[in-house]
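The amino acid sequence is not available; the structure is as follows:
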DNA sequence: GGCGAAATTGTGAACGCAAACATCCACGGG
DNA sequence: CCCGTGGATGTTTGCGTTCACAATTTCGCC
């Protein structure tokens, strides 16, 4: 290790103090906005800071105070649209609240071990608070490693954790989608659910069942996909062979895309033969063929709420168990239509291979 | 601020030392794997650490050493498929190299100011090295804030920065796509490019031009889209009205999706009337209608290379200017076909609104 | 059997900052 | 005119770790 490889340390507080002709403590006071600093001194210190290009050392600050204005975000599956949008939204909200953000990305394959490491590091770095993006139970396991006094907010968590939480109301989302299909005249609605461990999958399923129950419709057997188009396609190939199946509520937009593909291959037209509703409203959903009717999640809103909940706890020093729900919105496009041929089988293999 | 809101500090090194009956320095040596510690002492210290649940304070460590095993990643536009895949890939590669990762997400709207803040914070936190995901020039501006001695690797940067860089060879990607279309029999290939500031857009465009030049084809006028399906759709509506336009190379898969939509609305069939190649190979590309032929970028490979380059610099203490290129791969699917009707206009408005 | 080298352990200081405490000063009321 | 009050500033200490150096022990070997 050559000496040249060490980063030369910049000016420190005492350098600034010397230049401004004051003590380092006065510099600290200026920096932290403490009262009892005269205007002339303040400007002198500020000038010295600017001239020297001084920047505070965060580690020293955290070491001395035990706290920081950094909040940590623990996230997984950040290549999926939902989680990555969440991180983005939290980041923007944090910026607006003058908080810095550190994101720990949990790689997919060993979630619990990786989460532990990430949480430990965030805590060690003195994170003032933590946001867990925890759409599955496994993500919450690492929450126990967080010492008391460090506020936590979960996103897409469940109320049972007794922890401040913010989520899109997936239950309502499931109802919106299902009702929309029922209102188009379908006798019942099939559901391709997301992976079981996801809280959102379960809530959407419950919403779907509730909406069916409202009108006394009988719930058809449910299939389960991953979040991917590929798994949607697999489910779609089965559903395409069921003549009764004229309305489908898909776990998310990508699953819906896979279903659309499977339907097309079987010659079942959307929306003439089969109606379809997705979930998420990914940016390209409107450009699917045809444009996908879906349920939009307002991730930006969720991010803002998460930061707000965290700031509340930071301000009061009390841990909260508030459960904020963001309303989803149905975005009607072109994949839902009235029932054209009720009951009778559709023409299979019209233009498929 | 109630006292209860302060996180109770855990055991520190001297607590461990007391329990193990050694000095705090010996504990430090055990923790850092220094030689000259007897086996019995080591086990005793380790036992004390386990019993107390001791964890090192990262801030103190960084303060004392001026370095850490944390590497920082500066990323923007992390809701796009490319950047988010990159972050994920770097994260997994870093995990394998026993590096911790801190990701600074630059929110979209004020890239330069936000980048500055993020870089400052990462440097202050004592990041051992930085990875800049810098597909546009603006992202590089903050690189100057990094003190000498902190190694930097750029991803999707340009050689002019004289900085270790790793990128997918977009030039080759552009050639692959264009050649594939030419080999299908098209006289020339149209290109819907990505936003000008992106390095990748420019390189793909050059590859496209080069491939056309190889066979003496004349390059048609080029249009430019964003990265979104919406902007692809806009461009597609224009191209759909040009009878000569039978082969298109799109900036990325989402743009291609927009073009597909526009073509469908104009009654131009893919691939019978128009052939199309995308870029990225997003997971759902194969489920577009029809399945999209595209050029795949191996992001995982890029992530591994980036971490390797960083570790090299960390080990040697020398800053490198190595420029690693990852080869893209053409994924043939169903949107490219031979020219059916050359020249003559196609039937417009066959089934569009 | 004693001497040098190596192994092992301990001591003090430093890292850069903020909090607690101490000091100095000006001003005003009794 | 003196003392009290409070604003402005300086001094000291400690946060938890590592580093440089010192001290002690162990061991090999002539």
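The structure has been received and is ready for your questions. What you are looking at is a predicted structure, and each value in this text was computed from that prediction instead of being measured. Numbering: from 1, shown residues only, chains lettered A, B, ... in the order given.

show me where the stretch 251-353 of chain A has helices.
For the stretch 251-353 of chain A, helices defined by DSSP state H, counting those that start in this stretch occupy the ranges A:253-265, A:299-316.

and the nearest residue to residue A:222 once chain neighbours are set aside, what are its bridge partners?
Computed as CB to CB, 6 or more residues apart in numbering or on different chains, the closest residue to residue A:222 that is not its neighbour in sequence is residue A:191, at 5.1 Å. For glycine as for every other residue, the C-beta is placed from the backbone atoms N, C-alpha and C. Assessed by DSSP bridges, residue A:191 has beta-bridge partners residue A:249.

give the contact list for residue A:191.
The contact partners of residue A:191, taken as CB atoms under 8 Å, 6 or more residues apart in numbering or on different chains, are A:178, A:204, A:205, A:208, A:219, A:220, A:222, A:223, A:248, A:249, A:250.

Take these and keep only those in helices.
A:178, A:204, A:205, A:208 (DSSP state H).

I'd say residue A:51 and residue A:15 touch.
No. Counting by CB atoms under 8 Å, residue A:51 stays clear of residue A:15, with 10.4 Å between them.

Could you report the neighbour count for residue A:112?
Per other CB atoms under 10 Å in any protein chain shown, the neighbour tally for residue A:112 reads 11.

pLDDT value on it, please?
Residue A:112 carries a pLDDT value of 77.

what's it in contact with, if anything?
A:138, A:141, A:142.

can you rerun that using 6 Å?
A:138, A:141 (CB atoms under 6 Å, 6 or more residues apart in numbering or on different chains).

With the one 4 residues further on instead?
Residues counted as contacts of residue A:116 (CB under 6 Å, 6+ apart) are residue A:142.

measure it to residue A:227 for me?
25 Å (CB to CB, to the nearest Å).

Please settle this for me: is residue A:166 part of a strand?
Yes. The assignment for residue A:166 is a strand, going by DSSP: H, G, I helix; E, B strand; the rest coil.

Following the chain past the host helix or strand of residue A:64, name the next helix or strand.
For residue A:64, the host element (DSSP states H and E) is helix A:58-65. Sequence-wise, the next helix or strand downstream of helix A:58-65 (DSSP H and E) is strand A:70-76.

Could you give the average pLDDT over that following strand?
On average, strand A:70-76 scores 86.

higher neighbour count, residue A:51 and residue A:15?
Remark: of residue A:51 and residue A:15, residue A:15 carries more neighbours, 16 against 12, as counted by other CB under 10 Å.

buried set for stretch A:233-253?
By neighbour count on 16 or more other CB atoms under 10 Å in any protein chain shown, the buried set for stretch A:233-253 is A:233-237, A:239-240, A:245-253.

care to break chain A down by domain?
A:3-56, A:67-168+A:299-327, A:170-296 (automatic domain parsing).

now do the same end-to-end measure for the longest one.
Start and end residues of domain A:67-168+A:299-327 are separated by 34 Å (CA to CA, to the nearest Å).

now it: how far from the chain's centre is it?
10 Å (CA atoms, centre = their mean, to the nearest Å).

Check the gap between the residue of the stretch 251-353 of chain A found nearest DNA strand D and residue A:93 for me.
When scored by CB to the nearest atom of the strand, the stretch 251-353 of chain A has residue A:317 as its residue closest to DNA strand D, at 19.8 Å. From residue A:317 across to residue A:93, the span is 21 Å (CB to CB).

Looking at the two, which has the bigger crowd around it?
residue A:93 (24 against 14).

Let's verify that one: helix, strand, or coil?
helix.

Once you drop chain neighbours, what's closest to residue A:21?
Distances taken as CB to CB, 6+ apart put residue A:44 closest to residue A:21, at 7.2 Å, once the chain neighbours are dropped.

Model confidence for the most centrally placed residue in chain A, exactly?
The residue lying closest to the centre of chain A (CA atoms, centre = their mean) is residue A:86, at 3.2 Å. Note on residue A:86: pLDDT of 89.

cool, residue A:200 as well?
Residue A:200 is given a pLDDT of 94.

which element is residue A:173 on?
According to DSSP H and E, residue A:173 maps onto helix A:170-183.

buried residues in that helix?
Within helix A:170-183, judged by 16+ other CB under 10 Å, the buried ones are A:170-182.

how about low-confidence regions in chain A?
A:1-9, A:98, A:107-110, A:340-353 (pLDDT under 70).

hmm, back to that, quick one: secondary structure of the residue nearest to the centre of chain A?
Secondary structure assignment for residue A:86 (three-state DSSP): helix.

so it makes contact with residue A:133?
Yes. If you go by CB atoms under 6 Å, residue A:86 and residue A:133 touch, sitting 5.5 Å apart.

who touches both of those two?
Listed contacts common to residue A:86 and residue A:133 are residue A:155; contacts here mean CB under 6 Å, 6+ apart.

Contacts made by stretch A:196-208 with the rest, please.
By CB under 6 Å, 6+ apart, stretch A:196-208 touches A:135-136, A:158, A:170-171, A:174-175, A:178, A:191, A:193-195, A:249.

Counting neighbours, what do you get for residue A:320?
Counted with other CB under 10 Å, residue A:320 comes out at 17.

Name the nearest residue to it, ignoring sequence neighbours.
residue A:164 (4.5 Å).

That neighbour bridge partners, please.
residue A:153.

Determine the number of other residues adjacent to it.
26.

Also residue A:206?
Residue A:206, neighbours per other CB under 10 Å, totals 14.

What are the boundaries of the helices in the stretch 1-150 of chain A?
So, for the stretch 1-150 of chain A - with DSSP H, counting those that start in this stretch - the helices run A:13-20, A:24-31, A:39-52, A:58-65, A:81-96, A:111-124.

Ramachandran angles for residue A:155?
phi -120, psi 130 (degrees, to the nearest 10).

and it, how far is that from residue B:166?
Taking CB to CB, one finds residue A:155 at 32 Å from residue B:166.

ok, these two, which is more surrounded?
residue A:155 (31 against 26).

What sits closest to the more buried one if chain neighbours are left out?
Distances taken as CB to CB, 6+ apart put residue A:133 closest to residue A:155, at 4.7 Å, once the chain neighbours are dropped.

With residue A:15 instead?
The shortest distance from residue A:15 to any non-neighbouring residue, by CB to CB, 6+ apart, is to residue A:52 (6.1 Å).

Run a quick neighbour tally on the one you found.
With other CB under 10 Å as criterion, residue A:52 counts 16.

That one reaches residue A:11, doesn't it?
Yes. Between residue A:52 and residue A:11 a contact is recorded at 4.4 Å, counting by CB under 6 Å.

Pretty sure residue A:336 sits against residue A:294.
No. Taking contacts as CB under 6 Å, residue A:336 lies outside contact range of residue A:294: 10.0 Å.

Looking at those two, which one has more neighbours?
residue A:294 (30 against 24).

Contact partners for the closest residue to residue A:296 other than its chain neighbours?
In space, and not counting its chain neighbours, residue A:296 is closest to residue A:281: 3.7 Å by CB to CB, 6+ apart. Counting by CB under 6 Å, 6+ apart, residue A:281 touches A:294, A:296, A:331.

Quick one: these as a markdown table, columns for distance to residue A:258 too.
Compiled in a markdown table, the contacts of residue A:281 are given as follows (distance: CB to CB, whole Å):
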| residue | distance to residue A:258 |
| --- | --- |
| A:294 | 14 |
| A:296 | 20 |
| A:331 | 19 |
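
In strands, which of those residues appear?
Among the contacts of residue A:281, the ones falling in strands (DSSP state E) are A:294, A:296, A:331.

Tell me the residues of the stretch 251-353 of chain A that contact chain B?
Applying CB under 6 Å from any CB of the partner chain, we find that the stretch 251-353 of chain A lies next to chain B at A:254, A:257, A:258, A:261, A:264, A:283, A:284, A:287, A:289, A:317.
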